[in-house]
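Peer 1: The sequence and its predicted three-dimensional model are supplied below.
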Amino acid sequence: MTSQYIAAIDQGTTSSRCMIFDHDGRVVGTGQREHEQILPRAGWVEHDAETLWRNTSAVIGEALEATGLGAADIAAVGITNQRETTVVWDRKTGKPVYNAIVWQDTRTDRICEELAGEHGASRYQKTTGLPLSTYFAGPKARWILDNVEGARQRAEAGELCFGTVDSWVLWNLTGGKAHVTDVTNASRTMLMDLRTLQWDKQICADFGIPTSMLPEIRSSSEVYGEIVDGPLAGVSVAGILGDQQAATFGQACLSPGEAKNTYGTGNFLLLNTGTTPVASEHGLLTTVCYRIGEADAVYALEGSVAVTGSLVQWLRDNLGLISDADEVEPLALTVEDNGGAYFVPAFSGLFAPRWRPDARGAIVGLTRFVNKGHLARAALEATAFQTREVIEAMNADSDVDLTTLKVDGGMVVNETLMQFQSDILDVPVVRPVVNETTALGAAYAAGLAVGYWASEDDIRNNWAEDKRWQPQMAAQERARRFGEWNKAVERTYDWASTDSGST
């Protein structure tokens, strides 16, 4: 084989990256660019879709330049992406009709209430695995059709394309030849039947979304088309996985009962449940984990936490408490504990397992003793507390207690957070050697499709442990802190009214 590497495009919530991996799953080169978070109103979060594509195109060139590699060295390209973020664009011109509406955006609250009607938020959950929530892509597409002048008429005439960001990136890479998504991203729209892995026509009709604008649903690992321009022209795009499913794949959680937690903009815990979808009774989502070629789809239970790493960004950008995200750990270490302060970052309501769109952020337990070090520590601890809530729900749904937590994502370099996570869970926390498991998972999916890796055993063999944290906190102290956290969370309820549609 002359092509010795696999490239992965990771289009995330805050930045776009291209990473190049060798056969051992090691990073050999990378390019990365951040993009603007557009916040037009309270609760609204948007991205400029054309900027996302320009940055994606640029980082491909940067990664290749950093390594001295060219198209002949790359066996295939995989895509991973922020999942529920929604783009609608003109089929002929390729121009978006509106900014991309980001997964954190809450403007579709009234649409979700309308769709729920007398049935409640679980109206479509048996079919889709998802409760009606502003989180998912279907309501966002409906909002664009309802609120952008002429959009509905153009959609019904077949002139518009809808997609999550994977579809948008692939469409541009292939020069408009491939309007495709994979089963993992499709499972985050609220429009796909989990069992048939096809668009549900009745749900699409209920949402008012013409099926003509939807991408074709394919597996997570197959050739979708060739890149038509740029330094990777002629290379096949052969893998697509939503970012959290990609991280699960990259962490080699390939057997039922294996789980990982990704610490990024938000936190996302996925538990592989095998080839049968498992309905949650404790506030989790049922989602497609991955599908390799013609093999049966593998499913997962997921707990999604909206705000974790983005809380550190908020401390930096909104409060000026730190000037760089890396400063949050040294600041937290200036104090011994949180000083009695608890930070509940319900900026977009609360996701799993509480699902309270009416909640809003709060800092409670403040006294004159509390300083910025305590607030930094409380922000880190909020990530660990929210993770424990999700894991307790997952244990209840699966009837299996988690014995070890595999972790990845940008925040796992924060050793103070990782130790506190182990303490508050009372289980070991394990970080892999290759921390960039999201991009790695997309690379694995693409490489399997073209024979670069022979089987999933290669993925298992590549995984290696870097560091393990063991719990050190006394049981009584653990119970006290988690009890106080729960009191803090309950203070955030019933704050936002959904009447305005903008909070």
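Peer 2: Received it, and whenever you're ready, just let me know what you need. Computed from a prediction, not measured in an experiment: that's the story for all the values here.
Peer 1: going forward, measure contacts between C-alpha atoms and count neighbours the same way
Peer 2: OK.
Peer 1: where does the stretch 51-200 of the chain dip in pLDDT?
Peer 2: The stretch 51-200 of the chain contains no residues with pLDDT under 70.
Peer 1: which stretches of it form helices?
Peer 2: 109-116, 125-128, 137-147, 151-156, 165-173, 183-186 (DSSP state H, counting those that start in this stretch).
Peer 1: Counting neighbours, show which residues of the second one come out buried.
Peer 2: Spelled out, that is helix 125-128. By neighbour count on 16 or more other C-alpha atoms under 10 Å, the buried set for helix 125-128 is 125, 127-128.
Peer 1: Identify all contacting residues around it.
Peer 2: Residues outside helix 125-128 that contact it (C-alpha atoms under 8 Å, 6 or more residues apart in numbering) are 131-132, 187, 190-195, 279, 286-287.
Peer 1: And the furthest pair within the residues you listed?
Peer 2: L132 and R195 (18.5 Å; C-alpha to C-alpha).
Peer 1: of these two, who's got more company?
Peer 2: L132 (23 against 13; other C-alpha atoms under 10 Å).
Peer 1: Pop out the phi and psi values for the residue lying farthest from the centre of the chain.
Peer 2: Distance from the centre of the chain peaks at R368, with 37.5 Å (C-alpha atoms, centre = their mean). Note on R368: its backbone torsions stand at phi -70, psi -20 [degrees, to the nearest 10].
Peer 1: And it, how far from H374?
Peer 2: 11 Å (C-alpha to C-alpha, to the nearest Å).
Peer 1: cool, and G43?
Peer 2: Taking C-alpha to C-alpha, one finds G43 at 27 Å from H374.
Peer 1: The two: which is more packed in?
Peer 2: Per other C-alpha under 10 Å, whichever of G43 and H374 has more neighbours is H374, with 24 against 17.
Peer 1: secondary structure class for the residue nearest to the more buried one when sequence neighbours are not counted?
Peer 2: Excluding the flanking residues, the one nearest H374 by C-alpha to C-alpha, 6 or more residues apart in numbering is N338, at 4.6 Å. Put simply, N338 is coil when judged by DSSP: H, G, I helix; E, B strand; the rest coil.
Peer 1: Can you tell me the number of residues neighbouring N338?
Peer 2: 22.
Peer 1: Contact partners for it?
Peer 2: Contacts of N338 (C-alpha under 8 Å, 6+ apart): 370, 373-375, 377-378.
Peer 1: Turn those into a markdown table, columns for secondary structure, distance to E118 and pLDDT.
Peer 2: Below are the contacts of N338 laid out as a markdown table (DSSP: H, G, I helix; E, B strand; the rest coil; distance: C-alpha to C-alpha, whole Å; pLDDT from 0 to 100):
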| residue | secondary structure | distance to E118 | pLDDT |
| --- | --- | --- | --- |
| V370 | coil | 46 | 95 |
| G373 | helix | 47 | 95 |
| H374 | helix | 45 | 96 |
| L375 | helix | 42 | 95 |
| R377 | helix | 43 | 96 |
| A378 | helix | 39 | 96 |
